[in-house]
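Novice: sequence and predicted structure, then a few things I'm wondering about:
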Amino acid sequence: YQRRVHGDSENMMLPQQAQVIVLNPSAKRESGRKAQFANIRAAKAMADVVRTTLGPRSMLKMLLDPMGGIVLTNDGNAILREIEVAHPAAKSMVEISRAQDEEVGDGTKSVVILAGEFMQAAELFIEKDMHPTVIVGAYFQALEKALKIVNDLSIEIKIDDEKEIERIVRSSVATKNVSKWGDLVCKMAITAVNKVTMNVNGRKDIDTKKYAKVEKIPGGTIEECMVLDGVMVNKDLTHPQMRKRIENPRIILLDCPLEYKKGESQTNMELTKEEDFKKALQMEEDEVKKVCDAILALKPDVVLTEKGVSDLAQHFFLKKNVTVLRRLRKTDNNRIARVSGATIVNRPEELQESDVGTQCGLYELKKIGDEFFSYFVKCKDPKACTIVLRGATKDVLNEIERNLQDAMNVARNVILNPKLVPGGGALEMELSCRLMDYATKEIKGAQQWPFKALASAFEVIPRTLIQNSGADVVRQLTALREKHSSPAGANMGIDGIDGKIIDMKEANIYDPTAVKIQTIKTAIEVSAMLLRIDDIVSGIKKEKSQKSKSQFDEPDEAFGDARDGQKTQFIQTHIIFDLSLIHISEPTRPLYISYAVFCLKKKN
């Protein structure tokens, strides 16, 4: 007993340990359930933003950027790109939309809606103290099974059949703002993709970003949009007397200046005689003439360069009846090289006959509105093209361009991976039913419930389509679930226009398999990543706002006259306060202040 009491007294005499502060006191921290619920709310909020833009009856969003510009669109990536978000989980949702757009070019809304629904499905289990790793394990099991089901439901098509590809692209365009001109947009997208397709070492290379240029010209009607069998650039001639129309032109492409080379830094010339100045000018002329003669030796009709062309060079070219365009973009030069068969040359003296482009059928200069455009058309087997878009306003043109880019991406995906799955929510409902059956029969233990929750979450796509079409959600969703309970109903989906249940195979509504696989993988992986976060620390110091500073706080450190001014102001403020406390009258107060400041300065 004595030993125990003695031991306790020793413990009581030990000095108490000081609290250890690891994080910056100004850092904001959320941990445990609070962080997980915050992530779920953020993901759900981002999904709600784009939910109404899904399907043919989708609504538009009007976004105002800081510069006063207006974005009017229903494209998921364009909407989320313009929205400024602060929460890190919300930024992840914006990022998956961007990644989806870059990877496959379609499904940007579906991936955000599915990810938000998967996060919300996990909320109930976190509330019931189920560990996030158990939920994540179930999600990855479901992902593996879902990808197998998608591949089982896929059907292959013949990419040689253009009508088949057109039907697929039309089902994508039907949900866009330009669905009224669906046939025109589909044909433009397929034509552009076919033009830029190249076989490289036995595989197909389709680069629509580099070689399918979209040129937007305000004015005219949407029916005037077309894909050129060549390239158009927004450039005028360097001299008004040059030829404006040339059939079967010989084209030379350069990326060097056709003018006298100037020194890179400041160059000084000391001239002692008047003849020396004339010699210097003559040397410049000789240099330019030498370059022009090297080009003119190949008898070109059109010369294009990425750099400048001097007046003297224009004179030499005009004498030989050669048309010249200057200051082209690198990308435009590459496209013209593809359609004309020319080679871009850096040194004119090294030009050869094989570098001259002869595959262009017609060069023509046209004026549209106030702008001049140079057309290189009627090319033999062009591997690049320009898509000319006409419309009433810039907002209309921007939306057409976004929709056309989606249509081209769908056509590209189908050509590269010619597999399709039923659209209109049919695939998602079939996945939901099959995963639910699989969970009941095969999954044992605690993981069965998150697996089933994820299966139910797939129903968000058909449910959203029904909501946006204005139909009865509960009745139609129950009827669709009943159809999918039998193997014969695998192709049954929602008609996004009136909300009725139809056979997607008969309606020719399909989605590329590549898009759906990317959507499911991205949505589940980002949900699993966000659910495993249990601590959010933002270590950014909060700046003191001016309002929070007290009137009598010591001023910040300054130097020289500024510091003296601050001290004087600080002293005056204190004295005014003190004088007001001892009730010195207002008229006599400045005298006392001046005297007090004088005494303090003398003391210092």
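Specialist: Noted; the coordinates are in hand.
Novice: burial count for the closest residue to Met269 other than its chain neighbours?
Specialist: Distances taken as CB to CB, 6 or more residues apart in numbering put Ala280 closest to Met269, at 6.5 Å, once the chain neighbours are dropped. From N, CA and C alone the C-beta is placed, and that goes for glycine too. Residues near Ala280, counting by other CB atoms under 10 Å, number 11.
Novice: what count of nearby residues applies to Ile400?
Specialist: 24.
Novice: hmm, Val178 and it touching each other?
Specialist: Yes - with contacts counted by CB atoms under 8 Å, Ile400 reaches Val178, the gap being 5.6 Å.
Novice: report the set of residues contacting both of those two.
Specialist: The contact sets of Ile400 and Val178 overlap at Val185, Ile222 (CB atoms under 8 Å, 6 or more residues apart in numbering).
Novice: so Leu63 is in contact with Ile79, correct?
Specialist: Yes - counting by CB under 8 Å, Ile79 is a contact partner of Leu63 at 6.7 Å.
Novice: show the contacting residues for Ser110.
Specialist: Leu54, Ile461, Thr519.
Novice: likewise for Val173?
Specialist: Ser179, Gly182, Val185, Cys186, Ala189, Asn403, Asp406, Ala407.
Novice: what's the answer for Val288, then?
Specialist: Leu258, Glu259, Tyr260, Ser310, Leu312, Ala313, Phe316.
Novice: so which of those is the closest to Gly493?
Specialist: Leu258 (60.7 Å; CB to CB).
Novice: tally up the residues packed near the closest one, please.
Specialist: 24.
Novice: tell me the contacts of the residue lying closest to Ile135 once chain neighbours are set aside?
Specialist: Closest residue to Ile135 apart from its sequence neighbours, by CB to CB, 6+ apart: Pro450 at 4.4 Å. By CB under 8 Å, 6+ apart, the residues touching Pro450 are Ala121, Ala122, Phe125, Met130, Val134, Ile135, Ala138, Tyr139.
Novice: which two of those have the greatest separation?
Specialist: Top of the distance list for the contacts of Pro450 (CB to CB): Ala121 and Val134, 13.7 Å.
Novice: give me the mean pLDDT for stretch 104-115.
Specialist: Across stretch 104-115, the average pLDDT comes to 90.
Novice: again, but for stretch 469-477
Specialist: Mean predicted lDDT for stretch 469-477 stands at 90.
Novice: the residue most central in space within the chain sits in which helix or strand?
Specialist: Nearest residue to the geometric centre of the chain (CA atoms, centre = their mean): Arg98, 5.2 Å. In the assignment (DSSP states H and E), Arg98 maps to helix 88-103.
Novice: show me what that helix is packed up against.
Specialist: Judged by 3 or more CB pairs under 8 Å, 6 or more residues apart in numbering; DSSP states H and E, helix 88-103 is in contact with helix 33-51, helix 76-82, helix 108-127, helix 513-531.
Novice: where among these is average confidence lowest?
Specialist: helix 76-82 (a mean of 87).
Novice: then it to CSV, C-alphas only?
Specialist: These are the backbone C-alpha positions of helix 76-82, laid out as CSV (Å, rounded to 0.1, in the frame of the first residue of the first chain):
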residue,chain,number,x,y,z
GLY,A,76,-20.1,19.1,-69.8
ASN,A,77,-16.4,19.9,-70.1
ALA,A,78,-17.1,23.4,-71.3
ILE,A,79,-19.4,24.1,-68.4
LEU,A,80,-17.1,22.7,-65.7
ARG,A,81,-14.0,24.4,-67.3
GLU,A,82,-15.6,27.8,-66.9
